[in-house]
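Student: Need coordinates for the below:
(one chain, ligands or ions: 1)
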Amino acid sequence: MVDLQTQYQKIKPEVDQVIFEVIHSTKFIRGPQVKQFEEELANYLNVKHVVACGNGTDALQISLMALDLQPGDEVITADFTFAATVEVIKLLKGKPVLVDVLPDTFNIDPEAVEKAITPRTKAIIPVHLFGQSADMDEIMRIARKYNLAVIEDNAQAIGSDFRFADGTVKKTGTIGTIGTTSFFPSKNLGAYGDGGAIFTDDDRLAHRLRGIVNHGMYKRYYYDEVGVNSRLDTIQAAILRVKLPHLDAYNEARRRAADVYDELFAGCEQVITPYRDPRSKHVFHQYTLKIKNGKRDALADYLKAEGIPFGIYYPVPLHRQKAYADENFRDENFPVTNRLTEEVISLPMHTELDREQQEFIVGKVKNFLRGKV
Ligand SMILES: *Cc1c(COP(=O)(O)O)cnc(C)c1O
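Tutor: Next up is the predicted model:
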């Protein structure tokens with residue numbers, strides 16, 4: 001699905017050098033590279049504060065803690081996403097309120113968000129799924145109307161943006177109250193281990209976030225609140241400093257690969273290629289097809305037998321997961337997610353794909369769909 005090896009070989013001398021420097025300095029925790037990376041990422045995103053942390057899941061949890069989520073507070077998020085969001089809401093004793101997504105972008109349905117609001121709603125967490133922005137015009141309108149916080153889960157869309165109706169363009173993750181991301185190795189900006197970050201323009205929130213990531217400690221050995229231990233390793237920060245200047249080129253390479261897939265699938269009626277919202281730059285964390293006529297599982301079996309990598313993101317909607325069964329979600333409220341979990345399949349997508357590989361992959365998919373196998 002990804003080729004981190006070829007990408008590494010292209011930046012190897014620089015990466016090896018900075019890793020060696022960190023080891024040589026022995027400043028493994030909170031070394032100077034962490035702050036430098038935070039500043040460089042803030043600059044890239046055009047946001048006031050970046051707080052690095054241990055991973056993208058912690059980034060979500062720490063954001064909710066900084067917003068003072070109380071037991072029983074409701075947080076609205078999408079049913080069709082990675083489990084981290086629901087998990088952290090539950091860990092903090094909040095109530096996850098799942099809503100359905102839109103069938104074209106796979107992103108949270110703003111109309112469903114507005115319908116789910118109650119007096120206990122505290123925040124909305126839109127996830128910019130697979131690399132393109134949720135409808136932030138609508139999400140921000142709703143948040144302002146009901147005075148809610150917005151945490152953008154930007155783990156899959158770093159470098160993407162959104163163009164508002166008034167023409168302003170902002171990078172995803174810098175639009176809401178807080179934005180979060182993950183540097184998991186296969187993400188668009190991947191470290192060589194776990195890592196994450198939180199973004200905000202709010203000085204007061206930034207101060208809280210910095211305290212919470214470090215045990216709730218604002219002055220050395222004075223603990224003002226219950227925090228966590230969630231830091232970005234200096235080695236990871238040093239590697240990310242080498243990779244950040246390449247992020248736009250990496251995202252361009254993904255977009256070019258997506259263009260090639262689109263072209264190769266043109267006219268193939270049983271396949272729906274990814275919709276691109278004209279308001280958002282799609283950075284293709286995943287290239288996700290919808291397969292019609294109930295053939296997705298058979299296609300997956302065939303690709304597996306042929307040794308072609310693929311992924312099914314996500315095979316089970318969150319509202320049906322055992323871990324969250326006590327929420328008693330109603331299956332009939334999620335018709336789009338339910339259908340998507342049966343139709344989607346993601347093909348290899350990374351910065352190193354070439355046309356020949358893609359022709360081979362698409363050839364296999366088409367062979368199967370034409371019943372030639
Ligand atoms: C990867 C991911 C996360 C979690 O990131 P980790 O760094 O693995 O904890 C959260 N949300 C979404 C949408 C993700 O894709």
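Student: Looks like Asp109 contacts Lys115 (just checking).
Tutor: No: Asp109 lies out of contact with Lys115 (C-beta atoms under 8 Å); the separation is 9.2 Å. Where you see a C-beta, it was placed from the backbone N, CA and C, and this is true even at glycine.
Student: what is in contact with those two at once?
Tutor: Common neighbours of Asp109 and Lys115, counting by C-beta atoms under 8 Å, 6 or more residues apart in numbering, are Val99.
Student: Those two: which has the busier surroundings?
Tutor: Asp109 (23 against 11; other C-beta atoms under 10 Å).
Student: and the closest residue to the ligand within the stretch 1-150 of the chain, how far is that from Ile272?
Tutor: Closest residue of the stretch 1-150 of the chain to the ligand, C-beta to the nearest ligand atom: Gly56 (2.6 Å). Gly56 sits 28 Å away from Ile272, going by C-beta to C-beta, to the nearest Å.
Student: try Asn338
Tutor: Asn338 sits at a distance of 17 Å from Ile272 (criterion: C-beta to C-beta).
Student: by contact count, what packs against the longest helix seen in the chain?
Tutor: For the chain, the helix with the greatest residue count under DSSP state H is helix 4-25. Using 3 or more C-beta pairs under 8 Å, 6 or more residues apart in numbering; DSSP states H and E, the elements in contact with helix 4-25 are helix 234-243.
Student: So the protein: which segments form each domain?
Tutor: 4-99+106-245, 247-369 (automatic domain parsing).
Student: residue ranges for the strands of the stretch 101-250 of the chain, please.
Tutor: Under the criterion DSSP state E, counting those that start in this stretch, the stretch 101-250 of the chain contains strands at 121-125, 149-153, 161-163, 169-171, 178-182, 196-200, 217-219, 222-223.
Student: hmm, who's touching the first one?
Tutor: For strand 121-125, the surrounding residues in contact (C-beta under 8 Å, 6+ apart) are 60, 64, 67, 69-70, 73-78, 85, 94, 97, 108, 113, 139, 142-143, 146, 148-153, 177.
Student: From those residues, list just the buried residues.
Tutor: 60, 64, 67, 69, 73-78, 85, 94, 97, 108, 113, 139, 142-143, 148-153, 177 (16 or more other C-beta atoms under 10 Å).
Student: Show the end-to-end separation of stretch 124-136, please.
Tutor: End-to-end distance for stretch 124-136: 11 Å, by C-alpha to C-alpha, to the nearest Å.
Student: Work out the gap between it and the centre of the chain.
Tutor: Centre-to-centre, stretch 124-136 and its host chain are 8 Å apart (C-alpha atoms, centre = their mean, to the nearest Å).
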